[in-house]
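Asker: Sequence and predicted structure are below.
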Amino acid sequence: MPTPPQPLPLTATQFGAGARAVARGWTRCEEESERRPPPPPPGEEDRGPPRWAWAPSPDPAYGASLGGGFLELVGADGAGGVGVRAGAAGGEAEAEAEAEAEVEAGGVGGAAPLPPPDPAALPPRPAPPPPRLEAHAAFHPSYRAPVLLVRVRRGGAGGGWLGVGGVEGVLARLLPPPPPGAPPPPPPPLAPADHPHAGTGGGWAVLHPCHTSHALGALVRGGGGHGGAAAGRPPPPGRLLAAWLSLAGPLVGAAVPAGLWAAVVGAEQ
């Protein structure tokens with residue numbers, strides 16, 4: 001019978017220090033990379049690779065119990081979150097769009113559909129902005145572990161947040177394609193966020209941290225070499241978070257740079 005997940009030996013203060021080390025290391029990787037992409041053309045500022053940046057919390061109470069802030073997924077335009085490409089809005093968003101189109105056509109409630117208008121007589125309709133995915137990596141005080149929180153704002157004038165099913169649909173489309181002949185991977189299992197961070201605007205879903213301890217067990221138990229922990233001791237918190245982000249980050253399209261581990265080791269020395 002598998003051992004129940006146990007809390008990681010991570011405090012809020014350690015999480016804050018480790019998250020800042022990861023953010024510094026990520027910036028250092030970008031600055032030192034010889035393959036750093038050129039600035040994107042106008043109108044496509046959010047299409048570059050995203051990165052994790054430290055975001056201090058303006059709430060003193062948050063700082064006291066949850067590490068002083070969190071890691072925020074930042075797009076190439078420097079704004080929080082990344083634009084979701086067309087066709088990746090998930091089943092819920094597609095269903096909502098179909099329902100809106102049906103209402104506009106007058107086909108709801110038993111009424112006969114209105115005849116389609118002459119396209120030539122209508123002004124051009126501007127394309128709505130794409131949905132925007134936001135992701136934060138925060139500290140979970142009960143599990144003493146990092147936790148990934150995700151939400152997706154609908155495009156268009158209505159705005160608002162997708163439900164958990166819609167967010168799962170978006171994340172499923174961000175995963176790498178399966179090998180030829182293999183079935184597509186299942187969407188990451190999410191749940192409505194039961195976390196103090198969920199109060200920052202609402203709409204959050206959470207990738208539950210209950211198995212984070214198992215996933216990072218080898219690092220927590222300790223292992224020497226390669227900038228890791230001394231035998232029998234867990235690694236410094238920045239390295240622990242870097243290892244966790246190598247697993248959780250690709251779920252939101254944020255692959256860890258090859259040099260992040262070495263950069264975080266340097267930031268923690």
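Answerer: Sure, I can see it. Residues are numbered from 1 along each chain as shown.
Asker: any weak-confidence spans in the stretch 151-269 of the chain?
Answerer: Along the stretch 151-269 of the chain, the parts satisfying pLDDT under 70 run over 156-158, 194-200, 211, 213-214, 217-234.
Asker: ok, which stretches of it are helices?
Answerer: Applying DSSP state H, counting those that start in this stretch to the stretch 151-269 of the chain gives helices spanning 164-174, 212-215, 217-221, 237-248, 260-268.
Asker: so of the ones you listed, which one's packed in deepest?
Answerer: Ranked by mean neighbour count under mean count of other C-beta atoms under 10 Å, these are led by helix 237-248, which reaches a mean of 23. Bear in mind the C-beta positions are built from the backbone N, C-alpha and C, glycine included.
Asker: what does it rub up against?
Answerer: For helix 237-248, contacts defined as C-beta atoms under 8 Å, 6 or more residues apart in numbering pick out 8, 10, 14-15, 17-22, 25, 52, 71, 137, 146, 148, 207, 212, 215-216, 219-220, 227-229, 234-235, 254, 256, 260-261, 264-265, 267-268.
Asker: Which ones among these map onto strands?
Answerer: Per DSSP state E, strands hold the following members of the contacts of helix 237-248: Trp52, Leu71, Ala137, Pro146, Leu148, Leu207.
Asker: Surely the fifth one and Val206 touch.
Answerer: Yes - under the contact definition of C-beta atoms under 8 Å, Leu148 touches Val206, with a separation of 7.0 Å.
Asker: Those two: who's more crowded?
Answerer: More neighbours surround Leu148 than the other of Leu148 and Val206, with 25 against 21 (other C-beta atoms under 10 Å).
Asker: and that one, what are its bridge partners?
Answerer: Beta-bridge partners recorded for Leu148 (DSSP bridges): Ala137, Leu207.
Asker: now the one 4 residues further on
Answerer: Listed beta-bridge partners, Val152: Leu133 (assigned using DSSP bridges).
Asker: For Ser57, see how far away it is.
Answerer: 22 Å (C-beta to C-beta, to the nearest Å).
Asker: ok, those two, which is more surrounded?
Answerer: Legend: neighbour count by other C-beta under 10 Å for Val152 and Ser57, higher for Val152 (29 against 18).
Asker: Could you measure from the more buried one over to Val84?
Answerer: 7 Å.
Asker: Spit out the residues that contact those two alike.
Answerer: Joint contacts of Val152 and Val84 (C-beta under 8 Å, 6+ apart) are Pro131, Arg132, Leu133, Val170.
Asker: Report the contact partners of the second one.
Answerer: I take that to be Arg132. Applying C-beta under 8 Å, 6+ apart to Arg132 gives the contacts Gly81, Val82, Gly83, Val84, Val152, Arg153, Gly155.
Asker: now swap in the third one and tell me
Answerer: For Leu133, the contact set (C-beta under 8 Å, 6+ apart) comprises Leu73, Gly81, Val82, Gly83, Val84, Val150, Arg151, Val152, Val170, Val252, Gly253.
Asker: Go through these and name the one nearest Pro178.
Answerer: Gly253 (16.7 Å; C-beta to C-beta).
Asker: so Phe139 touches Val147, yeah?
Answerer: Yes - the pair Phe139 / Val147 is scored as a contact, 7.4 Å apart, by C-beta under 8 Å.
Asker: who's more crowded, the two?
Answerer: Between Phe139 and Val147, Phe139 has the larger neighbour count (other C-beta under 10 Å), namely 31 against 25.
Asker: Next up, phi/psi of the more buried one, please.
Answerer: phi -90, psi 130 (degrees, to the nearest 10).
Asker: if I look at it, how far off is Gly78?
Answerer: The gap separating Phe139 from Gly78 is 24 Å, by C-beta to C-beta.
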